[in-house]
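**Q** give me the fold of what follows.
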Amino acid sequence: MNLQIYGHPFSSYCQKVLIALYENATPFQFRHIRWDDALCVAEFERLWPLKRMPVLVAGAAGVVLRRCRRSRR
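**A** Residues are numbered from 1 along each chain as shown. As a prediction, this is how the structure comes out:
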């Protein structure tokens with residue numbers, strides 16, 4: 001399965017995902033989001049309009065897994 005991670009290396013949320021992938025030796029491609037590059041931001045916004053990181057795109061079908069928060073009650 002071809003995994004792509006969209007994120008920024010300084011983001012703690014992205015770092016957590018990267019640590020898990022490196023520990024399990026999971027092959028993936030890291031897509032660095034450069035906020036000063038309009039094409040890069042447009043591609044990221046197409047995947048996740050709220051522009052929150054990280055975004056994991058899995059497989060050729062383009063299944064997009066986004067970060068979500070659990071509600072605490």
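**Q** ranges for the strands of this protein?
**A** Under the criterion DSSP state E, strands of the chain are mapped to 3-7, 29-32, 55-58, 63-66.
**Q** nearest to F44, out of those?
**A** Ranking the strands of the chain by proximity to F44 (CB to CB) places strand 3-7 first, at 5.5 Å. (C-beta placed from N, C-alpha, C; glycine too.)
**Q** neighbouring contacts of that closest one?
**A** 13-14, 17-18, 21, 26-33, 44, 47-48, 53-58 (CB atoms under 8 Å, 6 or more residues apart in numbering).
**Q** state the mean pLDDT of it.
**A** Taken as a whole, strand 3-7 has an average pLDDT of 88.
**Q** just checking: what are the partner strands of that strand?
**A** The strands beside strand 3-7 in its sheet (DSSP bridges) come out as strand 29-32 (parallel), strand 55-58 (antiparallel).
**Q** residue ranges with poor pLDDT in this structure?
**A** For the chain, the stretches with pLDDT under 70 are 1, 60-73.
**Q** what's the single longest helix in it?
**A** The single longest helix within the chain, with elements called by DSSP state H, is helix 12-23.
**Q** and that helix, which residues are buried?
**A** Of the residues in helix 12-23, C14, V17, L18, L21 count as buried by neighbour count, 16 or more other CB atoms under 10 Å.
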